[in-house]
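**Student:** Here is a sequence together with a model predicted from it:
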Amino acid sequence: MAGVVSGHVVVVGAGLSGLATALHLLGDGYEVTVIERESFPGGRNGTWSQDGFRFDTGPVVFTMVNLLEEAFAAVGRTASDYVTLKLLDPGYHTHYADGSRLTIHHDHAAMRAEIARVCSQRDAEAFDRFVVWLKALHDVELPYFIDANFDTPLDLLRHPVAALKLWGLRGFGTLGPEIASWFRDERLHKAFSFQALYAGLAPERALALYAVIAYMDVIAGVRFPEGGMHAVPRGMAAAITDAGGEIRYDCTVWRVQRGLDGSASGVELASGQTVASDAVVVTADLPVAYERLLPGLKAPRAARRGAFSPSALVWHLGVRGELPSGVGHHNIHFGQAWGEAFEDLIEHGRPMADPSRFVAIPSLDDPDAAPDGCHTLYVLEPVPNLRVGRIDWEVEAPRLRARMLDFLTGFGYPTDIVTEKLVTPLDWEAQGMAAGTPFALAHTLAQTGPFRPRNVDARVPGLVFAGSGTTPGVGIPMVLVSGKLAAQRVRERLR
Ligand SMILES: Cc1cc2nc3c(=O)[nH]c(=O)nc-3n(C[C@H](O)[C@H](O)[C@H](O)COP(=O)(O)OP(=O)(O)OC[C@H]3O[C@@H](n4cnc5c(N)ncnc54)[C@H](O)[C@@H]3O)c2cc1C
């Protein structure tokens, strides 16, 4: 494709969406300049080191590697040219309040045997059919509803057969009851519906079509890159440079510039310099991008008044000592409370009284992340975002830290702390994330697909958005797709 088009595109931000956008545009033959305020790529998929420990600051569960492959393929490369990805099997270790455990295997036979062992033979048989259903959901959702640009809600009717198929698969029902209809054992209900939280919703409120996230975890499999999660954006950035793109670090965009006809004509940097371009792709959090980079332009309604996903308290720990038995790289510790816990978080805006928590131990598969005899722990507890919650984080953060420490000690995790950092919603807000959440607008029906803020703004031709604030949504797979969709919008504009 290279050479068949011409034009210069500025991409604001070297997070995963910006990097994916740049790779797709370079593949098309455009000249690309990525401008990033930090001194390294990755954005939320960042890295941080202290006292001999190295931490990934954002995503830890990496799924749908084929979408990453698409970005590398755009410039004629493969992911393996830049990053070594290892399949984690088991993908998760789930732990329940009654002390029981269920290991989530990628291998179908192993997962089936685990369900038969822990739950029942009947549920093991149901798992076979469940997997067929999940795959059918994925196959209809990805091409027609996720990897697709929408101009109006009527575009949903572009593929009536697919819409009918999704209807037939009960995708427009509710996730919690749908999962409960497949299995008798409540532990499986939790294991296959907690993913609704990734979409910012309680399982009782999420559409059943979000079971596709369980597909990504359980069937597509969870990968871990050699050298930690940050190896992914580093590899993408290297591929951009190799393909002739430019990445400028330590460089903050101050404003998107507009020409006399109102179209995007480049960016003004905080230094006062300008960079002219034929199109601008903005990947800063969409509500904040409107506020800061596009003053005078009213943001879409959802960005101003929409429902944002819950936030997260993330506690990074470098610890000395042995791990307890039965844990793995990714551990989910479910609280006894379920519906009430989501109500605390989403409706009442208070910390969960009986929280479920995620504990990753990246040093198990990345020994260089911690000194000998030590481990890195990543403890994530969902907490209300700053719009729903009226929480004084100066007071609440130390209280929740103490509660997490009690939980870790009680479970037998090593708590001889060598180094630590607690990240709160105030920190996410300070990094430019609306409502103090790194998970953007929730995926309610009114904020999904064609109802989510669009990746173009008719008032500013040549301005395109990518990232979790626009379509298709939140998480690594979705923002990689958003980069591909943004490149498609640029192509349509510059053609
Ligand atoms: C704690 C946490 C856990 C997560 N867990 C998972 C997980 O397990 N699995 C999963 O799939 N997803 C997970 N996610 C979500 C996933 O990380 C994000 O959806 C994704 O990384 C967002 O990428 P992005 O490119 O849209 O945004 P960002 O990564 O925020 O990229 C935007 C970039 O723009 C730059 N920027 C902003 N403003 C300017 C400016 N004015 N000038 C120049 N540069 C600017 C920023 O510095 C940043 O680099 C997690 C996120 C967090 C934070």
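**Tutor:** Thanks, I have it. Numbering: from 1, shown residues only.
**Student:** phi, psi of Glu420?
**Tutor:** Dihedral pair for Glu420: phi -160, psi 160, per degrees, to the nearest 10.
**Student:** and it, how many neighbours?
**Tutor:** As a burial measure, Glu420 scores 18 neighbours (other CB atoms under 10 Å). C-beta: built from backbone N, CA, C; applies to glycine.
**Student:** which residues sit in contact with the closest residue to it other than its chain neighbours?
**Tutor:** Taking CB to CB, 6 or more residues apart in numbering as the measure, Glu420 lies nearest to Leu317, with 5.0 Å between them; neighbours along the chain are not counted. Applying CB atoms under 8 Å, 6 or more residues apart in numbering, one finds that Leu317 lies in contact with Thr376, Leu377, Tyr378, Val379, Ile417, Thr419, Glu420.
**Student:** residues near the first one, how many?
**Tutor:** In this case it means Thr376. By other CB under 10 Å, the burial measure for Thr376, its neighbour count, is 22.
**Student:** Out of the contacts of Leu317, which comes closest to the ligand?
**Tutor:** For these, the closest approach to the ligand (CB to the nearest ligand atom) belongs to Tyr378, at 8.4 Å.
**Student:** interface residues of the stretch 201-350 of the chain facing the ligand?
**Tutor:** When proximity is defined as CB under 6 Å from any ligand atom, the stretch 201-350 of the chain approaches the ligand at Thr252, Val253, Thr283, Ala284, Ala312, Val314.
**Student:** So is stretch 484-495 next to the ligand?
**Tutor:** No - residues of stretch 484-495 are not located near the ligand by CB under 6 Å from any ligand atom, the shortest gap being 10.5 Å.
**Student:** pLDDT on that stretch, on average?
**Tutor:** Here the mean pLDDT over stretch 484-495 is 96, rounded to a whole number.
**Student:** Can you give me the buried ones in it?
**Tutor:** Under the neighbour-count criterion of 16 or more other CB atoms under 10 Å, stretch 484-495 has Lys484, Leu485, Ala486, Ala487, Gln488, Arg489, Val490, Arg491, Arg493, Leu494 buried.
**Student:** does the second one count as helix, strand or coil?
**Tutor:** Three-state assignment for Leu485 (DSSP: H, G, I helix; E, B strand; the rest coil): helix.
**Student:** State which one residue of the stretch 301-450 of the chain is found closest to the ligand.
**Tutor:** As assessed by CB to the nearest ligand atom, the ligand sits closest to Pro438 within the stretch 301-450 of the chain, at 3.2 Å.
**Student:** Pop out the phi and psi values for the nearest residue to that residue once chain neighbours are set aside.
**Tutor:** The shortest distance from Pro438 to any residue that is not its chain neighbour, by CB to CB, 6+ apart, is 5.1 Å, and that residue is Trp428. Backbone torsions of Trp428, given as degrees, to the nearest 10, read phi -60, psi -40.
**Student:** isn't Gly306 right next to Thr448, touching?
**Tutor:** No - between Gly306 and Thr448 no contact is recorded; they are 11.2 Å apart, counting by CB atoms under 8 Å.
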